[in-house]
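*Asks:* here is my input; please provide its structure:
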Amino acid sequence: MAATDRRRGRGLGPIRIAVDGRDAAGKTTFADRLGAELAARGIETYQASIDDWQHSPEIRYRRGRFSPEGYYFDGFDFEGVRRRLLQPFAAGTGFELRAYDIEREQEIEGDAIVASPGAILVVDGVFLLRVELRECFELSVYVRVRRQTSIDRGVARDEPRSGDAVRERRLYEQRYAPAQDRYHEEASPEDRADVVIDNEDIENPVIVRD
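*Replies:* Modelled structure (predicted):
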């Protein structure tokens, strides 16, 4: 389901759910299934992705295209996510689901949405349990895969778009994976999550903690 979609019904919110995990762990797939299940139960549900809150290239690559610090510190507008999405959603005021179009490399301006008091917001993406955001979620899910699985899946996913498997592997090995290592050391997202799902076997995910 697209990030701008919404599904109406009655719920117990406002509840904000984080779906976190390494790159290419299966976060969006899980979030989409969760959103569909909530919708099937008649709950007003919104979905958003951290990918739609990226900084412009001038910011996210200012430390270098392959810099893990650049990915971790400069890749995403966490302040914007908190101030323009997570906080207003919980307060019942106008919120924005998207702020940046990564394909066109341009900011997005759209009408603010106001959810009903019973709505649920599902947000998927990397680094969601950093200190800047972790208190903004009533429930958090961590989708777990091994470091190498994240790299291999990411390369397989992104190579058809870029046509350069060597470059994609370098990005994952030098930028994305080391940034995730730092995230795990500093934020311990798997330990902090309310629910942990092992998605190493993508056809047979297993709940390891709930």
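*Asks:* what are the buried residues along the longest helix along the chain?
*Replies:* Ranked by residue count, the top helix of the chain under DSSP state H comes out as helix 147-162. Buried residues in helix 147-162, counted by 16 or more other Cβ atoms under 10 Å: T149, S150, I151, R153, G154, V155, D158. Any C-beta I mention is one placed from the backbone N, CA and C, and that applies to glycine too.
*Asks:* test my guess that the third one contacts R170.
*Replies:* Spelled out, that is I151. No. If you go by Cβ atoms under 8 Å, I151 and R170 don't touch, sitting 10.5 Å apart.
*Asks:* run through who's touching the longest helix of the chain.
*Replies:* 22-25, 145, 165, 168-169, 171-173, 176-177, 180-181, 200 (Cβ atoms under 8 Å, 6 or more residues apart in numbering).
*Asks:* buried ones among those?
*Replies:* Those of these that meet the buried threshold are 22-25, 145, 168-169, 171-173, 176-177, 180, by 16+ other Cβ under 10 Å.
*Asks:* for the most centrally placed residue in the chain, which residues are in contact?
*Replies:* With distances taken as Cα atoms, centre = their mean, the residue of the chain nearest its centroid is G125 (1.2 Å). By Cβ under 8 Å, 6+ apart, the residues touching G125 are V19, D20, K27, S49, I50, D51, F76.
*Asks:* do the same with R82
*Replies:* R82 neighbours (Cβ under 8 Å, 6+ apart): E132, L133, C136.
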